[in-house]
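Asks: Sequence below, structure please.
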Amino acid sequence: PGEWDGRFGRGVRYADLETYFVANDAQDQEYLGLADRVRYYPRGDKKIGELRDNITIGKDNPWGGIGIRVEARGFQWNNPQARDAIFWEYNISNISNYDLTEVAFGYWVDNAIGNDGSDELAYFNTDLDMSYSWDINGIGLGGLPTGTMGFAYLESPGMAYDNIDNDDDGILDEKRDNVAVSKVGPTDGIYDLQKFLSFYKLEESDLVEHWDADEDQDWQDGEDLNNDGVYQITEYYGDDIGIDGVAPGELNYNGPDEGEGNHRPDYVEGIGAEPNFAVTDVSESDMIGLTAFRLFPVPSHAQSNSTRWFKNDKAMWELIGENILEEYIDNISNLIEVFASGPFPLYKGRTERISMSELHSYDPLEGLNSSSHIAPALYELKKIVQVIYEKDYRFAQPPKMPTLTATPADGKVILTWDNVSDTKTRDPFLGNINDFEGYKVFRATDKYFSDAEVITDGYGTPMFMKPIFQCDIKDGKFGFTDFGLVNGTGYNLGSDTGISHVFVDENVMNGRTYYYGLVAYDYGAPNIGPGISPSENNVVVELNEAEEVRSVGKNVAIVTPFKNAAGYIPPDITINQSNTSGGGIVTPSVLARSSIKKSHQYKVTFGIDTVANLPRYDYGLIYTTNSITVTDKNENAVVYQDTPEKFTGSNLINVDSLGYWTLKTDAPFDTDVFDGLQLNIDMPYETGTFDFANSGWVTGSGILRVVPSIRESSYMPWDYDIIFSSNSTIYTTTTKSKSGFKDALDARISTNQILLGQSFDFYVKNETLVKPDGNHVLMDMVVYDINSNGVYDKYEDKVLVGGMNDNGRWAGTVFVIDFNLASSATYPRSDDIFRVKFSRPFWKDDFIEFTVNTYEGINEDSLSKTMDEIKVVPNPYVATNVMEPAVSNQFLNQRRQLMFTNIPAKAVLKIFTISGILIREIKINNSPERGIVHWDMLTKEGLEIAAGMYLYHIEAETGEEKIGKFAVIK
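Replies: Residues are numbered from 1 along each chain as shown. Next up, the predicted model:
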């Protein structure tokens with residue numbers, strides 16, 4: 001319940017578009033009339049409507065017909081190589097109480113190419129097993145160009161009880177409804193090895209031990225590496241996914257079901273089967289093939305045993321039960337094509353199947369009307385059709401469909417979407433890999449997206465829509481494909497831009513309606529046959545007869561940009577807390593107001609990548625900021641991340657030579673959108689460096705010199721306070737070893753010039769880092785005895801400031817202090833503080849917290865001012881304008897629109913003739929931000945207005961008023 005009843009499993013859709021309906025012949029009362037001497041009751045006493053009380057046709061009548069049920073499915077793919085083919089499959093079951101000893105299945109097709117079927121020709125190509133027809137002059141009704149229409153007969157009923165190899169595949173009497181009992185040898189069940197290898201395109205070395213009911217040996221077992229009986233997402237599960245057909249990692253996967261992980265192909269009648277087995281495997285049937293094909297002009301509809309019309313049972317039985325193949329008749333007319341298989345027995349409770357593909361193409365008339373009747377575009381499509389059929393109606397699927405959200409604004413439309421496509425895609429045709437490549441955004445001003453479909457194939461036939469935005473994974477796959485070409489045309493994979501989930505379209509006009517389609521696409525399959533072109537999602541807008549939108553796909557948005565309503569107070573952001581020791585700036589902003597979460601609080605944190613570190617010293621490392629994480633504090637959920645594994649656009653940079661990742665530093669950048677929000681990040685520092693310009697006195701003054709070490713300071717890029725005291729022994733050196741010291745120029749210092757155990761009247765505190773006990777880290781200080789006299793001379797020697805590692809040895813020098821230019825008069829005084837600053841990227845403890853604010857009510861001052869800016873667009877109105885939606889049906893009238901802009905969200909609009917007669921009153925009840933309203937230019941009686949001058953009066957709920965005028969010229 002609540003899921004698609006998939007042909008191959010619960011919620012499973014191999015095709016991009018699938019239809020499904022069920023029919024039976026219960027209401028056929030032809031042989032149950034009062035005048036019939038012999039009556040046939042296929043289901044005994046069963047009545048119509050016994051199970052469903054809402055049946056309206058023939059309710060309580062006896063079950064009629066011959067007692068069959070037909071499950072019909074249609075499949076279609078959006079891949080450019082396959083989109084012009086539709087597959088129809090019919091599962092026909094004998095639900096009567098009796099065996100039907102002679103049955104034939106068939107198709108009756110009346111093409112009427114171009115809706116003027118009197119000038120058709122048709123041909124059956126025996127090499128391709130395909131019939132096709134065309135209009136001899138290529139002109140249809142209304143002068144529209146026509147194409148070629150083909151029909152390929154694919155699946156036929158099987159005869160599993162005659163001990164004959166009907167499908168000539170080297171196996172006798174294979175079936176779709178037998179269960180696996182035991183494993184058999186590589187060639188067991190094969191009576192003719194060469195036929196089997198040829199039919200299934202195998203080598204003898206491909207044959208292995210297999211389950212007895214898997215006659216064609218294509219069911220693949222999984223690999224449960226840890227032997228826990230459950231396939232993990234990282235394990236290969238093959239076809240061993242249970243009878244529900246849902247594999248681990250799918251969006252609707254609920255855990256293991258019956259048969260999953262038992263290393264045996266499973267089938268349960270009436271429920272389903274695992275992939276490539278029983279009812280899901282089209283080749284596991286001893287098909288009798290196409291036994292009849294006929295071409296003839298549309299016959300008379302009269303009652304007759306010799307006229308081939310539906311109600312004439314005898315004539316129709318002879319038509320489809322006859323073994324005949326008619327390739328071509330030289331008869332230009334409205335032709336009927338009939339395909340059939342039979343006769344064969346359909347036993348009680350049995351189900352047999354037929355399927356066919358309906359193909360469409362544009363082919364040159366010169367070839368079609370020639371003696372060879374060639375149709376090259378149709379032939380190429382038939383090759384793809386055959387691949388899809390032989391793969392059990394599987395073909396390269398596009399990525400999971402994204403959900404598009406559109407937010408209208410003033411002169412722009414903000415489009416955002418989720419990440420289902422790039423994170424959840426699994427293509428079963430390619431071994432369940434994630435082959436997602438990118439996104440495209442299409443924009444149109446008509447419901448058919450016709451103004452976007454401007455890219456043609458080699459024959460000039462419109463084929464692709466031109467995107468207004470495209471982004472793709474940075475994976476080296478870019479440009480146009482040179483494989484899977486469709487009539488000479490490749491697919492544009494993008495430019496290696498990196499993935500984004502937001503696009504702002506600023507090339508729009510307020511008041512005009514736009515139709516946006518977002519598609520995710522994959523990178524195709526270049527190594528399968530001649531190559532399979534990339535696939536993308538469908539863009540579906542469903543219309544009713546009046547060309548009004550009934551429904552749209554979740555990747556489609558219909559939106560009209562507008563001015564903000566008068567008095568509208570937009571949402572904003574409050575920074576609650578900011579603790580950023582790093583030298584960057586993070587600016588959150590509201591991007592898509594329709595997606596924001598009212599009063600939610602967010603926390604931004606950062607991750608680091610350690611490039612190098614000082615041995616055994618916790619606070620000495622060269623690092624880069626390599627990730628951003630945003631957490632919704634209200635829901636305690638991560639809502640956004642940029643990491644080396646997955647990031648937006650060029651937000652992260654990989655420094656290959658040094659083996660690390662960093663946030664982009666050469667220019668500010670925007671994150672992807674989350675909950676309608678976006679962060680702008682300006683972080684100009686890849687690693688830490690000394691900040692000379694911002695180092696200096698915090699309090700007090702004096703003369704001292706601070707020189708950072710040219711190498712070791714990069715390991716300790718923190719902020720430091722040099723704090724002076726009246727206590728001459730406020731700090732004493734703690735380092736115990738004289739080895740390992742270097743000066744500011746990274747030159748090694750002799751142990752004879754290092755003085756340990758010295759006391760100072762100042763100390764150095766790391767202002768950036770705090771120890772677990774809550775205290776700031778204190779730096780150690782050692783005297784560099786410049787004059788080598790063994791005594792600390794304040795105005796001659798230097799003081800090395802650095803860290804001591806956990807074994808009491810010097811870890812490194814961050815900077816050097818000297819007072820060589822000072823005197824007792826200019827020496828810093830007690831409580832003076834000199835701050836040494838370093839610029840650095842964001843640190844792992846940095847964070848920003850902010851809240852999203854929304855406001856009720858209106859700003860009355862703003863409303864009063866904006867009321868003066870109310871305008872009528874266009875003014876004057878001359879015949880039509882671009883805001884009015886186009887209509888394709890010549891019998892529909894143009895729907896007129898006049899727009900009032902800068903209006904309050906809640907107001908009353910009255911329209912008067914110039915003489916003061918009220919012709920229309922509109923109560924405006926917009927959403928708080930929407931500042932436009934369209935008038936259909938009809939009076940309150942529903943009549944079109946006349947040309948002339950008109951007055952309007954708008955009154956806001958606050959009592960503010962605006963009066964104006966406009967002109968209408970027809």
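
Asks: Spit out the contact partners of Ile723.
Replies: Phe762, Tyr763, Val764, Lys765, Asp831, Asp832, Ile833 (C-beta atoms under 8 Å, 6 or more residues apart in numbering). (C-beta placed from N, C-alpha, C; glycine too.)

Asks: of those residues, closest to Ile919?
Replies: Comparing the contacts of Ile723 against Ile919 with C-beta to C-beta places Ile833 closest, at 77.6 Å.

Asks: Show me what the closest one is bridged to.
Replies: Thr699, Ile723 (DSSP bridges).

Asks: neighbours around it, how many?
Replies: 16 (other C-beta atoms under 10 Å).

Asks: so it sits right up against Gly700, yeah?
Replies: Yes: judged on C-beta atoms under 8 Å, Ile833 makes contact with Gly700 at a distance of 6.7 Å.

Asks: Overlap in contacts, those two.
Replies: Phe724.

Asks: so what are the domain limits for this structure?
Replies: 5-25+66-157+289-390, 177-284, 404-559, 572-689+848-853, 695-836, 860-969 (automatic domain parsing).

Asks: State the mean pLDDT of the first one.
Replies: Per-residue pLDDT values over domain 5-25+66-157+289-390 give a mean of 90.

Asks: so how far is it from its chain's centroid?
Replies: Between the mean C-alpha location of domain 5-25+66-157+289-390 and the chain-wide mean there is a distance of 34 Å, by C-alpha atoms, centre = their mean, to the nearest Å.

Asks: And that domain, end to end?
Replies: Across domain 5-25+66-157+289-390, the terminal residues are separated by 22 Å (C-alpha to C-alpha, to the nearest Å).

Asks: Repeat that for the second one.
Replies: Using C-alpha to C-alpha, the span of domain 177-284 from its first residue to its last is 9 Å.

Asks: Could you do the fourth one as well?
Replies: Its start and end residues considered, domain 572-689+848-853 measures 5 Å (C-alpha to C-alpha).

Asks: Show me where the protein dips below the pLDDT cut-off.
Replies: 1, 117, 328 (pLDDT under 70).

Asks: and with 80 instead?
Replies: 1, 116-118, 126, 326-332, 431, 529-530, 889-892, 970 (pLDDT under 80).

Asks: all helices for it, in order.
Replies: 193-200, 313-320, 365-368, 376-390, 420-424, 860-867 (DSSP state H).

Asks: For Gly649, find the nearest of those helices.
Replies: helix 420-424 (13.1 Å).

Asks: tell me the strands in the stretch 1-150 of the chain, going along the chain?
Replies: Counting by DSSP state E, counting those that start in this stretch, the stretch 1-150 of the chain has strands at residues 5-6, 9-10, 17-24, 68-76, 85-94, 100-110, 120-125, 130-135, 148-155.

Asks: what's the most buried one of these?
Replies: strand 130-135 (a mean of 26; mean count of other C-beta atoms under 10 Å).

Asks: Now do that one: everything it contacts.
Replies: Contact with strand 130-135 is made by 111, 113-114, 116, 119-125, 146-153, 293, 295, 335, 337, 339, 359, 363, 365, 368, 375, 378, 382, as judged by C-beta under 8 Å, 6+ apart.

Asks: ok, now how distant is Glu502 from Ser589?
Replies: Quick fix: residue 502 reads Val, not Glu. 12 Å (C-beta to C-beta, to the nearest Å).

Asks: the more surrounded of those two?
Replies: Using other C-beta under 10 Å, the more surrounded residue of Val502 and Ser589 is Val502, with 21 against 11.

Asks: Spit out the contact partners of the more buried one.
Replies: Taking C-beta under 8 Å, 6+ apart, one finds Ile414, Leu415, Thr416, Trp417, Leu591, Ala592, Asp672, Val673, Gln678 in contact with Val502.

Asks: and what of Phe847?
Replies: Gln577, Ser578, Asn579, Thr580, Lys603, Val604, Thr605, Phe606.

Asks: and which of those residues is nearest to Met949?
Replies: For the contacts of Phe847, the nearest to Met949 is Val604 (56.9 Å; C-beta to C-beta).

Asks: If anything else comes up later, I'll come back, but that's it for now.
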